[in-house]
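Engineer: model the structure of this input:
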Amino acid sequence: MGSLQLKSVRKSFGNVDVIKGIDLDVKDGEFVIFVGPSGCGKSTLLRIIAGLEDATSGSITINGTEVVTVPPAKRGIAMVFQSYALYPHLTVKDNMGLGLKQAGAPKDEIEKRVAKASGMLSLEKYLARRPAELSGGQRQRVAIGRAIVREPKLFLFDEPLSNLDAALRVNTRLEIARLHRELKATMIYVTHDQVEAMTLADKIVVLDAGVIQQVGSPMELYNRPANLFVAGFIGSPGMNFIDAGRLGASDAKTIGVRPEHITLSRESGDWQAKAVHVEHLGADTIVYLESEKVGAFTVRLFGEHHYQPDDVVFATPAENQLHRFDANGRAIR
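Structural biologist: Got it, this is the predicted structure:
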């Protein structure tokens with residue numbers, strides 16, 4: 001399919017620097033996800049790759065070809081938008097085949113590719129319908145099908161699931177994962193949802209304020225965050241951060257420990273604490289605590305546990321799961 005290289009890519013709007021020098025290498029067939037908070041530059045970076053925004057400076061190479069001056073239609077990419085962007089007056093079949101028709105592809109080739117894509121997405125019985133006759137999930141599958149029929153070098157997804165309800169998001173996420181395996185395609189995907197990132201990506205790019213904070217596999221980011229920002233962004237509930245001075249640690253400024261790496265007991269433990277709120281979720285129990293020794297922190301327990309607000313408990317962090325950060329917020333290895 002296609003590879004992508006970004007070198008020193010920058011984007012400014014007037015005096016505002018939105019993308020501040022991005023270097024990134026995406027290998028052929030990889031599923032790469034850009035994550036970060038709102039305003040971090042992830043969608044702008046995707047639009048720059050697509051050619052919908054011009055880079056202020058830097059190099060963009062797709063499959064070995066520099067494309068900074070190449071228009072979007074000639075970059076060999078296909079983009080799936082959050083808003084579906086379907087033509088309401090066209091049928092599903094015509095929406096999916098429109099790009100090929102406009103490119104002058106033979107009718108039999110269009111028929112063949114639409115049939116293949118609709119089969120992959122279970123859309124065969126909807127081909128004669130118009131978008132208004134479809135559910136949100138079906139419309140998004142049509143938008144994905146329209147991208148598939150183009151057989152692009154790169155698939156670009158801009159928060160494609162954010163308009164769907166929770167159940168549809170899960171189902172469509174599974175479909176996208178299956179498509180990636182079947183197509184062996186290179187996919188770049190933008191989301192603010194870390195669950196999507198952790199479950200879909202081969203490689204995650206964590207962005208903040210137009211700068212890459214870390215690149216790695218989901219488990220690399222979870223187990224070995226490069227800094228406080230990544231440690232706090234990846235994982236739900238977020239990592240607990242404790243002033244290292246409270247724990248007598250001299251080699252760090254901040255100690256981090258994930259909620260799932262702390263155990264609770266009513267009898268004994270390292271930190272005495274009082275429960276201030278408890279969330280009983282069935283599969284998990286989330287306990288929010290206050291401690292004189294370490295301040296506020298959160299514990300995630302697997303399964304149902306009968307803690308209640310005002311319970312006095314003892315918390316013990318797993319010693320081998322503590323993360324240490326220096327005064328600049330960088331991880332100490």
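Engineer: who are the packing partners of the helix or strand bottoming out on mean pLDDT in the chain?
Structural biologist: Least confident helix or strand, the chain: helix 166-183 with a mean of 85, by mean pLDDT, DSSP states H and E. Judged by 3 or more CB pairs under 8 Å, 6 or more residues apart in numbering; DSSP states H and E, helix 166-183 is in contact with helix 136-149, strand 187-190, helix 194-200. In this view, the C-beta of every residue, glycine as well, is placed from N, C-alpha and C.
Engineer: run the angle between the first one and helix 166-183 for me.
Structural biologist: The directions of helix 136-149 and helix 166-183 differ by 20 degrees, with axes from the mean of the first three to the mean of the last three CA atoms, to 10 degrees as the criterion.
Engineer: if you count neighbours, what's buried in helix 136-149?
Structural biologist: Counting neighbours by 16 or more other CB atoms under 10 Å, one finds that the buried residues in helix 136-149 are 137-149.
Engineer: mind exporting the helix or strand just after that helix as CSV, just the C-alpha atoms?
Structural biologist: Downstream of helix 136-149, the first helix or strand assigned by DSSP states H and E is strand 154-158. The C-alpha coordinates for strand 154-158 follow below in CSV (Å, rounded to 0.1, in the frame of the first residue of the first chain):
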residue,chain,number,x,y,z
LEU,A,154,-3.1,5.8,2.6
PHE,A,155,-6.5,5.7,4.4
LEU,A,156,-7.0,8.8,6.6
PHE,A,157,-9.7,8.7,9.3
ASP,A,158,-10.7,12.0,11.0
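Engineer: tell me the spacing between the closest residue to residue 236 other than its chain neighbours and residue 323.
Structural biologist: On the basis of CB to CB, 6 or more residues apart in numbering, the spatially nearest residue to residue 236 that is not a chain neighbour turns out to be residue 194, at 6.7 Å. As judged by CB to CB, to the nearest Å, residue 194 and residue 323 stand 17 Å apart.
Engineer: ditto for residue 201
Structural biologist: Counting by CB to CB - residue 201 and residue 323 are separated by 21 Å.
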